[in-house]
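Chemist: the amino acid sequence is not available; the structure is as follows:
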């Protein structure tokens, strides 16, 4: 019943066009899911294809959007209120936490089945989580560091999972709710731990039907799903379309109903102008932020005064007003998600160098610092940037103009993703200054800021600096369970990055914009394009 077709370029291309209704010259089309049922079939767009099917090893939305409907998690962000980031049970019917905060006991829903009819028990949960937390040699687990507090995971009986921590941490439960933490079959993992890289079989609301590489991915309602009355859809079809104009055409013509990653402001405005109230727009601050990382191993960026000047030159508040009209960025913030209880308030943020409203004074200070560091008027350097308009090239063009205001002559060095990432990730770094970014799922600042740790502790610290004071502050806040004390530690952490050492220059946070046909019901936007994608609560109004 379930088929996977490897790459068939012509057939796949034709299937994609036909699925979008943009061509009548092709005669072959991938078989879709059944449309029987009251909830309809949801057709949605995915701008990229999954590198593999194993969410445990991947970091891209491209694996989550087509595969999340097939899987369950132990706990997840509340799909009915994802903006709140409240954690609720998925497979977990309930859980308790010991008084010292170090032992979590989860009780599973009874009678949960995998799509092959086998029973899902605590053994499957333990095997799946151990693959993420303590991966064997040869198994990739990019979020392993999120679970440094986990001491053991056990299954005392088929309905119970016990997770013991070496230290209590408020970051643990949000980390456990990461949408990449699919629960797999322990039996299949025991036979071949790499099986899920090329195969699909979960306990989620939809059964995998078919994947045509370069074209479509389909799923159909799992009749034995453990949550009564769900899913509401009869099935779904994900259509892969890398070109934005193709996706906009599909949405405008009703050949697809939604794209879950997000569109630029112009795309939103064009769809609303064309379709009026047939389109509903949901928007949210996005747990993605764009940075600049100077290379501290290269002169003059090894001088903290130069790094500070790069930040002082930027008029972030005016930039936000202008760029938010043309790009998917908006919020001014520090390294913690704006608006989070642990983040700087606006008034606190405005006290930091580079975040005030007197741009003339800030740029005068930037020029003074550059002169003191021996950087002459007209000093030239290159900004390594991605060949992606939204938001990177647009923000890069803005940066070039901002830095010229303090006498710096900047050239954008725009590269395709492969070469760009090679340049960014090189050890030691060879760029002058580079665009960088950080996109996370569940808003969990205590772990989200781990990017800025010393290079021997963070593979995503592309400045490759060592700062043991930052490491100390991070470890202290991760273990702090008093919110006020944790906030104070995180504020010290941020001030060291942004003001004292200027290791990174934070630019603007992303703004997520999801225009969709108003017939799509039950889906609510979250601050991440990784969250709320199992589609169990979604239906299409007739």
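Modeler: Thanks, I have the structure now. Everything numeric here is computed off the predicted structure, so don't read it as measured data.

Chemist: ok, and the closest non-adjacent residue to residue 200?
Modeler: In this structure, residue 200 finds its nearest non-sequential neighbour in residue 208, 4.0 Å apart by CB to CB, 6 or more residues apart in numbering. (Each C-beta comes from the backbone N, C-alpha and C, glycine too.)

Chemist: specify the local secondary structure of the one you found.
Modeler: Three-state assignment for residue 208 (DSSP: H, G, I helix; E, B strand; the rest coil): strand.

Chemist: list the beta-bridge partners for it.
Modeler: Residues in a beta bridge with residue 208, per DSSP bridges, are residue 219.

Chemist: show me the domain layout of this structure.
Modeler: Following the assignment in automatic domain parsing, the chain carries domains at 3-257+519-540, 285-511.

Chemist: using TSV, lay out these together with distance to residue 267, mean neighbour count and mean pLDDT.
Modeler: Shown next, in TSV, are the domains of the chain (distance: least, CB to CB, whole Å; neighbours: other CB atoms under 10 Å; pLDDT from 0 to 100):
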stretch	distance to residue 267	mean neighbour count	mean pLDDT
domain 3-257+519-540	6	19	90
domain 285-511	9	19	97
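
Chemist: list the helices and strands whichever strand or helix holds residue 128 packs on?
Modeler: In the assignment (DSSP states H and E), residue 128 maps to helix 122-133. Judged by 3 or more CB pairs under 8 Å, 6 or more residues apart in numbering; DSSP states H and E, helix 122-133 is in contact with strand 103-108, strand 150-157, strand 160-165, helix 186-191.

Chemist: what is the third one packed up against?
Modeler: In this case it means strand 160-165. With contacts defined as 3+ CB pairs under 8 Å, 6+ apart, the packing partners of strand 160-165 are strand 103-108, helix 122-133, strand 150-157.

Chemist: contacts for the next helix or strand along the chain from it next, please.
Modeler: As assigned by DSSP H and E, the chain's next helix or strand after strand 160-165 is helix 172-176. For helix 172-176, contacts defined as CB atoms under 8 Å, 6 or more residues apart in numbering pick out 74-75, 85, 87, 104, 143, 146-147, 149-150, 163, 165, 442-444, 447.

Chemist: repeat the analysis, applying 10 Å as the threshold.
Modeler: Helix 172-176 has contacts (CB atoms under 10 Å, 6 or more residues apart in numbering) with 73-77, 85, 87, 92, 95, 97, 101-102, 104, 106, 129, 132-133, 143, 145-150, 163, 165, 169, 181, 440-448, 478.

Chemist: mind listing which of the residues you listed are in helices?
Modeler: Among those, the ones falling in helices (DSSP state H) are 129, 132-133, 445-448, 478.

Chemist: export the residues you listed to JSON lines and append columns for distance to residue 433.
Modeler: Shown next, in JSON lines, are these (distance: CB to CB, whole Å):
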{"residue": "129", "distance to residue 433": "40"}
{"residue": "132", "distance to residue 433": "35"}
{"residue": "133", "distance to residue 433": "36"}
{"residue": "445", "distance to residue 433": "26"}
{"residue": "446", "distance to residue 433": "28"}
{"residue": "447", "distance to residue 433": "27"}
{"residue": "448", "distance to residue 433": "23"}
{"residue": "478", "distance to residue 433": "30"}
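
Chemist: pull the most distant pair out of those.
Modeler: Using CB to CB, the ones in helices among the contacts of helix 172-176 span at most 22.7 Å, a distance reached by 129 and 445.

Chemist: so how far is stretch 248-268 from its chain's centroid?
Modeler: Computed by CA atoms, centre = their mean, to the nearest Å, the chain-centroid distance of stretch 248-268 equals 20 Å.

Chemist: no, scratch that, I was asking about stretch 300-311
Modeler: Going by CA atoms, centre = their mean, where stretch 300-311 is centred and where its chain is centred differ by 29 Å.

Chemist: parallel or antiparallel, list what pairs with the strand ranked longest in the chain.
Modeler: As assigned by DSSP state E, the longest strand anywhere in the chain is strand 279-294. According to DSSP bridges, strand 279-294 forms sheet pairs with strand 433-439 (antiparallel), strand 505-517 (antiparallel).

Chemist: picking that back up, can you add distance to residue 56 and give the helices and strands packed on helix 122-133 back as CSV?
Modeler: Shown next, in CSV, are the helices and strands packed on helix 122-133 (distance: least, CB to CB, whole Å):
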stretch, distance to residue 56
strand 103-108, 19
strand 150-157, 14
strand 160-165, 17
helix 186-191, 10
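
Chemist: wait, which of those is closest to residue 532?
Modeler: Evaluated with CB to CB, the helices and strands packed on helix 122-133 place strand 103-108 nearest to residue 532, the distance being 21.0 Å.

Chemist: and the contacts of the closest one?
Modeler: 74-75, 89-98, 120-122, 124-125, 150-153, 155-165, 168, 172-173, 176, 183, 226.
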